[in-house]
Structure formats: structure tokens, C-alpha cells
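A.B. asks: structure for this input, please:
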Amino acid sequence: MKLRKWASALFAVLGGVIMAATTGMCLLSLDAEPKVLRIPQGAEDCAQSLVQALEEGDYAAAESLIYGQPDLGIAEAPEDPLAALAWEAFEDSLSVSLQGACYAQGADFCQELTVTALDVTTVTASLRQRVNDLLQERMENAEELSELYDEQNQFRQDLVDQVMQEALQQALAEDAQTFTCQSVLGLIRRDGRWWAVPDQELLRALSGNLA
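C.D. replies: Modelled structure (predicted):
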């Protein structure tokens, strides 16, 4: 009989302790962020699809994965030969890779990325001087003024185009540098699907480090 009473008293005390602890935990958790037991597959797929699209140069697909589907100005290659030359160098330099796994950030999710891209400013910084040097060289080597100037006494357009292309090729070959940054890609579910939300670091990389 004493054993039963002792056991009953013990269970009663334990029950009270558990109830108090449970109540305390509930009260403490009122302001806590929700705990995510598993990262949604859709969030992971969205991050992987964006990285794959950027790596493959499918920029239209990349833009379609970004929330709001903004026009980043990278979906179509430029028609201008000089811009196309710079664009090709940018595409060759661009590298995007996943770092670690997706993780919860409040009610949404994040995926860390490492991005490497051409720093366009290292090309443009030397371009003017290279153009001037090449034009000076053409002027010194010209045998007739008609090789340099048109009927309006302006530099011939074909000469300017040739010099610009040569200067850009030199700058890309000798001056171009890449930069690497760490980006945190946001992943949100809106309107029944998952979207990527690029941060400023990723947008800066996609702009070639241009403001």
C-alpha cells in the first residue's frame, strides 16, 4: 500500500513538473520563429534551376525564375559587334555555383552562391587610352589623308570601327580581370510557385560590376 501511495505521489509530482515545463516552453515559443524540419524540394529546385540557367547562358530562363520576372538586360546578345565582343567575354567568365544547402530564413529560404564574372570596369578603364594610341599610330603611318579622313574632314567610320575593335580586343586580352563574390539567393513561394530573389551581389555580378 505504501509503495502504491509513493508511486502515485511520484507520478503526480512528475506530471506537475511536465505540465509546468510544457506550459513554460509554449509561453517562451510564442515569439520564436517557426522551426523548419525539412527544406521544401521546390525551393532547392528553384535555386538549382537558376544556377543551371546562368551557367548554360540561358538568361531568358534565368529571368523567368526571378520574382517579378524583371528584364535584367541579359536575355539577348547585343547586335553591335563591339558590344557582342564584350558580351562573349562576359559569358565566358561567368561562373555560378551553389554553396552548401538551402536553409530557412524566417518564413522563407535562402541559398548561398559563389559568383565569378568579368569586371567590365577593368576593360573600360583602359579603352580610351588604347583608342587614342591606335589612332595616333594610324596617323603616323598614313601616307595620305584620305586614309584617315572622309569628305567632311572627320575620321573615316571604317577606321574608327577598326580601331575600336582592336582596342577592345587588346583590353579584353591584357587588362580584363574577373571578380568573385558571395551571394545569398532568396527563395520564396508566391502565386503557387517558387521564385528566386537575387541580392545586390548577384545583380552586381550580372552587370559586370557596373553601377
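A.B. asks: quick one: residues contacting residue 185.
C.D. replies: Residue 185 sits next to 47, 50, 110-113, 196-199, 202 when contact means C-beta atoms under 8 Å, 6 or more residues apart in numbering. Every residue, glycine included, has its C-beta placed from N, CA and C.
A.B. asks: so of those, which ones are in strands?
C.D. replies: 110-113, 196-197 (DSSP state E).
A.B. asks: helices of this protein, residue ranges please.
C.D. replies: Under the criterion DSSP state H, helices of the chain are mapped to 2-28, 41-56, 59-65, 81-93, 120-141, 157-174, 200-206.
A.B. asks: for residue 88, state which of the ones in strands among the contacts of residue 185 is nearest.
C.D. replies: Taking C-beta to C-beta as the measure, residue 88 sits nearest to residue 113 out of the ones in strands among the contacts of residue 185, at 23.0 Å.
A.B. asks: could you check how far the closest one is from residue 205?
C.D. replies: 9 Å (C-beta to C-beta, to the nearest Å).
A.B. asks: could you give me the average pLDDT of the lengthiest strand in the chain?
C.D. replies: Identified as the longest strand of the chain according to DSSP E is strand 177-190. Strand 177-190 shows a mean pLDDT of 96.
A.B. asks: name the residues of it that are buried.
C.D. replies: Judged by neighbour count (16 or more other C-beta atoms under 10 Å), strand 177-190 contains these buried residues: 178-179, 181, 183-188.
A.B. asks: ok, now stretch 56-71?
C.D. replies: Applying 16+ other C-beta under 10 Å to stretch 56-71 flags 59, 62-63, 65-67 as buried.
A.B. asks: and those residues, which two are the farthest apart?
C.D. replies: 59 and 67, at 16.2 Å, using C-beta to C-beta across the buried residues of stretch 56-71.
A.B. asks: now for residue 193, how many residues are close by?
C.D. replies: Using other C-beta atoms under 10 Å, residue 193 has 11 neighbouring residues.
A.B. asks: what residues are up against it?
C.D. replies: Contacts of residue 193 (C-beta under 8 Å, 6+ apart): residue 42.
A.B. asks: picking up where we left off before, just send the buried residues of stretch 56-71 back as TSV, with pLDDT and distance to residue 94 too.
C.D. replies: Listed next are the buried residues of stretch 56-71 as TSV, based on pLDDT from 0 to 100; distance: C-beta to C-beta, whole Å:
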residue	pLDDT	distance to residue 94
59	92	10
62	95	11
63	94	15
65	97	16
66	96	16
67	95	21
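A.B. asks: ok, so of these, who is nearest residue 150?
C.D. replies: residue 59 (38.4 Å).
A.B. asks: where does residue 199 fall, phi/psi-wise?
C.D. replies: With angles defined as degrees, to the nearest 10, residue 199 sits at phi -90, psi -180.
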